[in-house]
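*Asks:* Sequence first, predicted coordinates after that:
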Amino acid sequence: MAPLSKFTPIEGSQKYKLLHYPSLFLLAVAAFCAFVMLQEHGAIMMKDRLLGRREGSMDIQFEIGTITPFENICPAEYPPRHATLHDHREHEVQYYNSFYGSFVDGFNHYMDSKYEFPDIMQYQNYNYAIWDPKLSAAASEAEASAWPTGNTNDYLKGPGWVRPHDYQEANVTVLEGNYAGYNSWFPGNFGHFAHDWLPTIALLRHVLPLDTKFILLDNPMTRKFLEFLDRDFYEHRVVWAPHGRVYHITGQLSVHVPVNIPDPIHGCCSGWDPMRQWIAERHPDRIPETDKHVLFYTRGGNETFHGRVMNPTHEQQVIKNIQAKLQQHGKNDKIVVFNGKDEHGKTLSIAQQFALFRGAHAFIGPHGSGFGGNFLWMDPFATKCEERSDYLEFMPGPETPKVQHALYASYYGNLRKWPLNYHSLLYTTQSTYETTFIDLGDLDEALDAMWGPPKIEEDNSTTTTATVVVPKEGVKEASSTQEIKLVVKVIAG
């Protein structure tokens with residue numbers, strides 16, 4: 001997710017091409033227009049929500065058990081508005097803070113108790129179906145329907161909800177009991193499931209009765225994700241629905257009506273606490289600080305479709321700078337170079353990625369799904385500012401529109417509700433779509449800000465391999481582990 005800049009829409013998308021670097025005079029106009037453009041995508045629903053919640057929507061109240069509520073972790077930085085940008089040009093920092101802060105304020109606006117959560121509507125004896133959007137719209141869009149039997153004109157309306165498609169009554173599947181239906185955009189995408197689907201699924205799971213089962217679109221990624229997250233939920237509380245299958249719910253059907261899609265970006269920030277609580281309950285693993293490492297994300301390979309691959313020589317220098325800073329700060333952390341693959345080019349299992357991210361105190365690298373789908377495995381137990389995991393993200397700025405079409409393309413807007421100490425760097429002007437560079441001086445400043453004043457200055461770098469502890473595949477208890485040799489490149493600090 002990224003703020004939008006002037007002003008040409010890309011067909012079928014909510015993102016906009018950067019035409020030029022707006023002057024400071026246009027700053028307020030650009031930020032305002034960005035927010036208005038997003039509002040217009042769901043204009044009717046926006047108007048409804050600003051007037052108040054939908055009549056009959058569920059009153060959402062909940063308590064959190066073993067984690068600290070987000071708003072209590074770092075009150076000095078609440079509500080979060082923008083990352084800490086490190087750039088030697090003060091005007092760049094000021095522009096980013098103002099532009100991005102204004103943009104995020106538009107989403108934080110919904111933190112008022114009336115609008116923090118989606119409307120949860122509940123119906124008796126209703127039909128529910130998830131449709132294939134390829135039949136009528138862009139594949140990234142969400143299409144579902146909820147309607148009373150025999151009256152397709154009285155269907156639920158709102159972002160992501162459509163009139164029921166044609167179907168045969170004889171092919172309707174009857175489900176006895178209570179169910180929740182959920183659907184969103186980009187089904188089957190690992191990153192979007194993590195930050196766009198799971199927060200609302202977790203909220204519904206948290207506030208609905210335990211006998212409520214979930215109707216979710218069937219795809220292999222979602223199955224693997226939920227099986228690892230919560231095997232009991234996966235085995236006993238999910239009905240896997242194909243596109244176009246109509247279900248008749250004899251009991252209560254609970255569905256959400258979002259402000260817009262993606263829904264979890266709105267409000268701040270208790271709406272993500274149920275997801276963090278769920279992860280903490282099912283995966284309570286705590287790694288001692290002395291055993292944690294730094295993850296460096298490198299992009300590349302046959303599955304990298306959106307560029308932002310760092311120049312290899314420059315990337316090695318970046319890693320050396322990180323290693324030097326760890327030594328200056330008196331840290332013995334290893335640097336694990338992560339690209340989502342093992343030494344044979346096979347995608348790491350979710351359990352392996354969990355182990356790498358739960359064991360990391362910092363993640364450094366370019367904007368990309370390597371972090372967007374794995375952030376939620378990082379330590380969920382922070383109780384104060386200093387206990388948050390560090391995240392340093394490289395992103396395009398006003399001078400590097402060729403790197404990526406969206407100005408300040410980053411995960412901050414999505415992930416500001418997670419306890420992260422969030423820092424950013426801009427790509428330098430020599431960067432292109434294919435190859436990127438960052439300013440090494442700005443990198444050093446960011447690392448000092450993350451890790452405090454340097455303590456020593458020495459360079460005793462070596463290269464080794466690492467043994468990481470990962471949850472054992474195929475067991476129900478997340479705390480059951482086995483040691484495996486994960487062959488990733490590790491730079492010893």
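*Replies:* Nice, I can see it.
*Asks:* For this protein, give me the ranges with low pLDDT.
*Replies:* Along the chain, the model assigns pLDDT under 70 to residues 1-53, 112-114, 135-140, 301-307, 456-493.
*Asks:* isn't T152 right next to V162, touching?
*Replies:* No: using C-beta atoms under 8 Å, T152 makes no contact with V162, being 10.9 Å away. Every C-beta, even on glycine, is put in place using the N, C-alpha and C of the backbone.
*Asks:* More neighbours: those two, which one.
*Replies:* Neighbours per residue (other C-beta atoms under 10 Å) separate T152 from V162, with V162 holding more: 19 against 15.
*Asks:* That one: what's it in contact with?
*Replies:* V162 makes contact with 131, 136, 143-145, 155, according to C-beta atoms under 8 Å, 6 or more residues apart in numbering.
*Asks:* Phi and psi next, for R231.
*Replies:* Dihedral pair for R231: phi -60, psi -40, per degrees, to the nearest 10.
*Asks:* Tell me how many other residues crowd it.
*Replies:* With other C-beta under 10 Å as criterion, R231 counts 16.
*Asks:* Over to the one 4 residues further on?
*Replies:* Counted with other C-beta under 10 Å, residues neighbouring E235 total 11.
*Asks:* Does I120 fall in a helix, a strand, or a coil region?
*Replies:* Here I120 is strand, with the state taken from DSSP: H, G, I helix; E, B strand; the rest coil.
*Asks:* Bridge partners for it, pull those for me.
*Replies:* Counting by DSSP bridges, I120 is bridged to H256.
*Asks:* Wait, it touches P258, no?
*Replies:* No: between I120 and P258 there is no contact under C-beta under 8 Å: 10.5 Å.
*Asks:* thinking Q323 is in contact with I335, fair?
*Replies:* Yes: at 6.1 Å, Q323 counts as touching I335 under the criterion of C-beta under 8 Å.
*Asks:* how about the nearest residue to I60 once chain neighbours are set aside, what does it touch?
*Replies:* In this structure, I60 finds its nearest non-sequential neighbour in F117, 4.8 Å apart by C-beta to C-beta, 6 or more residues apart in numbering. For F117, the contact set (C-beta under 8 Å, 6+ apart) comprises 60, 203, 267, 271.
*Asks:* what residues are up against the residue positioned nearest the centre of the chain?
*Replies:* When C-alpha atoms, centre = their mean is applied to the chain, the residue found nearest the centroid is H195 (3.0 Å). Neighbour list for H195: 262, 264, 372-373, 375-376, 411, 414-415 [criterion: C-beta under 8 Å, 6+ apart].
*Asks:* what secondary structure does Y167 sit in?
*Replies:* coil.
*Asks:* how about the helices in the stretch 1-150 of the chain?
*Replies:* 27-41, 43-51, 70-73, 90-108 (DSSP state H, counting those that start in this stretch).
*Asks:* Which strands and helices lie in contact with the strand or helix carrying E281?
*Replies:* If you go by DSSP states H and E, E281 is part of helix 273-282. Using 3 or more C-beta pairs under 8 Å, 6 or more residues apart in numbering; DSSP states H and E, the elements in contact with helix 273-282 are helix 198-207, helix 220-229.
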